[in-house]
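Undergrad: Here is my input; please provide its structure:
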Amino acid sequence: MIRDFIDNPINAALYFLAFVVALTFHECSHALAAYKLGDPTARNMGRLTLNPLKHLDLMGTLLLLLVGFGWAKPVPVNPRNYRNPKRDDIIVSLAGITSNILLAFLATPIYMLTIKHGSNIALVVSWFICAFIQTNIVLALFNLIPISPLDGSHVLEDLLLPVCGPKPFLWLRQYGRYLLIVVLIALNYTGVLGTASGWAFNAFCRVFSFLD
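TA: This next block holds a predicted model:
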């Protein structure tokens, strides 16, 4: 990412800004869902906000600058405050993913309209929106991976805990971060995540093809 800033500073800056906005909406959506379902923990800690400074993690932001992928601070929740702990934990876990998919979908018609204009301003706007759509899709797909501490792991645990018991999930919590590193390397090597996000991006564009 640092080299990208040197080689193509505008493009790299647009992707960095898009990632920050996407992460902010992702975390705020977790906080909002938890609050609506009876848990005020995140709101009381100032996380029910679209201020990115409240959500960004120092190390995650540095890695975003260095390698192009990072993370935000996890939103604190207390499942004991939920009205229906199992159901509500799934809803809160999927809230961030849902917000990213929705943002990508809603941004697509704007992208389709801006690419029709040839002005320099429209070109920069279309670059940013394209980066914003792709970033939101990648963030949503990545968080669906059922490995701790990603959102998908919470959903998997809530669904399978009564069947499998706690042992597999205790193991995933303990070693999930190391397993996630292996998965990240594999995703980068195979390009699966990029292919899947490209397919979703094209699918969204086809929905709004009448604007082209």
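Undergrad: which regions of this protein lie under the pLDDT threshold?
TA: 1-8, 66-68, 118-119, 161-163, 165-169, 212 (pLDDT under 70).
Undergrad: Can you tell me how far the residue nearest the centre of the chain is from residue 69?
TA: Relative to the mean C-alpha position of the chain, the nearest C-alpha, by CA atoms, centre = their mean, is the one of residue 139, at 3.1 Å. Per CB to CB, to the nearest Å, residue 139 is found 10 Å from residue 69. (C-beta placed from N, C-alpha, C; glycine too.)
Undergrad: One more: residue 104?
TA: 17 Å.
Undergrad: out of these two, which sits in the busier spot?
TA: A side-by-side neighbour count of residue 104 and residue 69, using other CB atoms under 10 Å, places residue 104 first with 25 against 18.
Undergrad: Next, the contact list for that one, please.
TA: Listed by CB atoms under 8 Å, 6 or more residues apart in numbering, the contact set of residue 104 reads 132, 133, 134, 136, 137, 140, 200, 201, 204.
Undergrad: Save the residues you listed as TSV, and put in neighbour count, distance to residue 57 and secondary structure too.
TA: Shown next, in TSV, are the contacts of residue 104 (neighbours: other CB atoms under 10 Å; distance: CB to CB, whole Å; DSSP: H, G, I helix; E, B strand; the rest coil):
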residue	neighbour count	distance to residue 57	secondary structure
132	23	20	helix
133	26	24	helix
134	20	22	helix
136	30	19	helix
137	25	22	helix
140	24	19	helix
200	20	26	helix
201	19	27	helix
204	20	29	helix
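Undergrad: of those, closest to residue 90?
TA: residue 140 (15.7 Å; CB to CB).
Undergrad: Tell me which helix or strand the residue lying closest to that closest one once chain neighbours are set aside sits in.
TA: Spatial nearest neighbour of residue 140, excluding adjacent residues (CB to CB, 6 or more residues apart in numbering): residue 100 at 4.0 Å. Residue 100 belongs to helix 85-114 when assigned by DSSP states H and E.
Undergrad: Return stretch 190-198 as CSV; C-alpha atoms alone will do.
TA: Taking C-alpha atoms only, stretch 190-198 is exported to CSV below (Å, rounded to 0.1, in the frame of the first residue of the first chain):
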residue,chain,number,x,y,z
THR,A,190,-5.5,-17.9,-5.1
GLY,A,191,-7.3,-14.7,-5.8
VAL,A,192,-10.6,-16.3,-4.7
LEU,A,193,-11.8,-13.3,-2.8
GLY,A,194,-11.0,-10.9,-5.6
THR,A,195,-12.8,-13.2,-8.1
ALA,A,196,-15.9,-13.4,-5.9
SER,A,197,-16.0,-9.7,-5.3
GLY,A,198,-15.6,-9.0,-9.0
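Undergrad: can you start the count at 34 instead of 1 from here on
TA: Sure, I'll start counting at 34 from here, so that last one is stretch 223-231.
Undergrad: Now do it: distance to the chain's middle.
TA: The chain centroid and the centroid of stretch 223-231 are separated by 15 Å under CA atoms, centre = their mean, to the nearest Å.
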